[in-house]
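>>> generate coordinates for the sequence data below:
(2 chains)
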Amino acid sequence: MSKRGIETLVGLFVALGILAVTFIALKAANLASFGHRDGYALQARFDNIGGLKVRAPVRSAGVVVGRVTAIRLDPKTFQGLVTMEIERELQFPKDSSAKILTNGLLGDQYIGLEAGGEDKNLAAGDTVTQTQSAVVLENLIGQFLFNKASDAGSPGAPTTPPAPAPPKK
Amino acid sequence: MTALLQALGARTLKWLTSLGHAAYFFAELLRFSPLALRRFNLVVAQVHAIGNRSLLIILASGLAVGFVLALQMYYALVRYGAAESLGLVVNLSLVRELGPVVTALLFAGRAGTSLTAEIGLMKAGEQLAAMELMAIDPRARVLAPRFIGGIVAMPILALLFSAIGILGAWVLAVLLIGIDPGNFWSIQQSGVDIWRDVGNGIVKSAVFGVICTFVALYQGYETQATPEGVAYATTRTVVVSSLAVLGTDFILTALMFSTP
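Numbering: from 1, shown residues only, chains lettered A, B, ... in the order given. Model (predicted):
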């Protein structure tokens, strides 16, 4: 084969490779959502962040408005300190509240940002003061069982099987 | 008893010697690689021989793997009502693991063997010795361009494998099963990170390219100059590079994706 023919074929091969990487990057990975990278940072403290991960979405009314950029433990309050980046053109009132919510029953966790009613807006670096922690299923079940047990325990001596109880009465 | 110990010692020493030999050969290849880049048309010819000619088998395998993966995952995911994440599962497994690894295995079988056989026969036909007589270093003229060509071709092939696999999954999921195309793509876009997943996959395939090409060239260059020797070296190429790829893949995966 002529030299030029080989060069053309190799060029085609490399072009195919570039096509593949752009296809994967734009259509099948998150390069397209890199556009609004510049945002402003907000912080929020949660008693329990549950399974929240870095890069989890921040949603307001279900619309993705930003991403979680860092999670660490506040050494003074022993709360989870979550830093998130919100799109620059979106401003939220100062009394907005942040919740950690779950996408469906088994889905990933995300932060739900609920706008408040105040006139002043949150500025870059501000902290969202009203927060609601993640619901930890184990605690919920524990609480439920505890309630059940105390409900059953208060009226019912007859339901408790221990033997020494009846003679004392 | 002493004979047994002596045999063990001899084997160990032989193994160590061959390991050192391979390491030296690798360093020599690296040393001659910049020289090969200066004669770029040699590299281009090798990319053609190694890359273009492997294209068909890579694309066919990628499509088949994408189809099968999508179909099997569909059966598992539909039980949990998560059939829409089909694209994400196929995408991640292709881009992170299957793309680089299966491409490397095919590459060892398709391109590695031909490299070994070619160089082995060059050696058997004393062409390499003839080049040395003409004061041309065969490592610079013959081996280094092939080495670079293999390293260039391998990541491109792996990317094509992954891309065609994802397209295959799309055909199966969207066109045949009827999963919503918007969800199919958007779940992938939210779940696949360009640097962490795609980037590490490319790094992986480049490492596998180095391994496969190096093993093929080494086996060819060190072959015994007989028909049996070349046959043996070709077999060794496939076995050694496949095992090396699988072993390295485990280490690389542990390093790259150990944090969730």
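>>> CA only for contacts and neighbour counts going forward, please
OK.
>>> for residue B:231, give me its contacts.
residue B:117 (C-alpha atoms under 8 Å, 6 or more residues apart in numbering or on different chains).
>>> so it, which state does it fall into?
Going by DSSP: H, G, I helix; E, B strand; the rest coil, the secondary structure assigned to residue B:231 is helix.
>>> what about the residue of the stretch 151-260 of chain B at minimum distance from chain A, which SS state?
For the stretch 151-260 of chain B and chain A, the shortest gap (C-alpha to the nearest C-alpha) falls at residue B:189, measuring 4.3 Å. State at residue B:189, reduced to three classes by three-state DSSP: helix.
>>> isn't it right up against residue A:30?
Yes - counting by C-alpha atoms under 8 Å, residue B:189 touches residue A:30, with 4.5 Å between them.
>>> nearest residue to the middle of chain B?
Most central in chain B under C-alpha atoms, centre = their mean is residue B:104, positioned 2.4 Å from the mean C-alpha point.
>>> cool, and chain A?
residue A:110 (2.4 Å).
>>> pLDDT weak spots in chain B?
Judged against pLDDT under 70, the low-scoring parts of chain B cover residues B:259-260.
>>> and it, which residues reach chain A?
B:44-45, B:47-48, B:51-52, B:91, B:156-157, B:159-160, B:163, B:185-186, B:188-194, B:198 (C-alpha under 8 Å from any C-alpha of the partner chain).
>>> just those residues: which are in helices?
In this view, the residues of chain B next to chain A that belong to helices under DSSP state H are B:44-45, B:47-48, B:91, B:156-157, B:159-160, B:163, B:185-186, B:188-191.
>>> what about residue A:60, distance to residue B:125?
Computed as C-alpha to C-alpha, to the nearest Å, the residue A:60 to residue B:125 distance reads 73 Å.
>>> can you tell me what sits against the top helix by length along chain A?
Taking DSSP H as the criterion, chain A has its longest helix at helix A:3-27. Helix A:3-27 is contacted from outside by A:31-32, B:44-45, B:47-48, B:51-52, B:156-157, B:159-160, B:163, B:185, B:189, B:194, B:198, using C-alpha under 8 Å, 6+ apart.
>>> from those residues, list just the buried residues.
Taking 16 or more other C-alpha atoms under 10 Å in any protein chain shown as the criterion, what is buried in the contacts of helix A:3-27 is A:31, B:44-45, B:47-48, B:51-52, B:156-157, B:159-160, B:163, B:185, B:189, B:194, B:198.
>>> from residue B:152, how far out is whichever residue of the stretch 1-150 of chain B sits closest to chain A?
Closest residue of the stretch 1-150 of chain B to chain A, C-alpha to the nearest C-alpha: residue B:48 (5.5 Å). Look at residue B:48 and residue B:152: by C-alpha to C-alpha, they are 11 Å apart.
>>> where does chain A have low pLDDT?
In chain A (pLDDT under 70), the answer is A:1, A:31-37, A:105-106, A:154-169.
>>> where along chain A do the helices fall?
A:3-27, A:137-153, A:165-168.
>>> tell me which of those helices sits most buried.
helix A:3-27 (a mean of 17; mean count of other C-alpha atoms under 10 Å in any protein chain shown).
>>> the closest residue to residue B:214 other than its chain neighbours is in what secondary structure piece?
The shortest distance from residue B:214 to any non-neighbouring residue, by C-alpha to C-alpha, 6 or more residues apart in numbering or on different chains, is to residue B:147 (6.7 Å). Using DSSP states H and E, residue B:147 maps to helix B:144-170.
>>> right, I'll leave it there.
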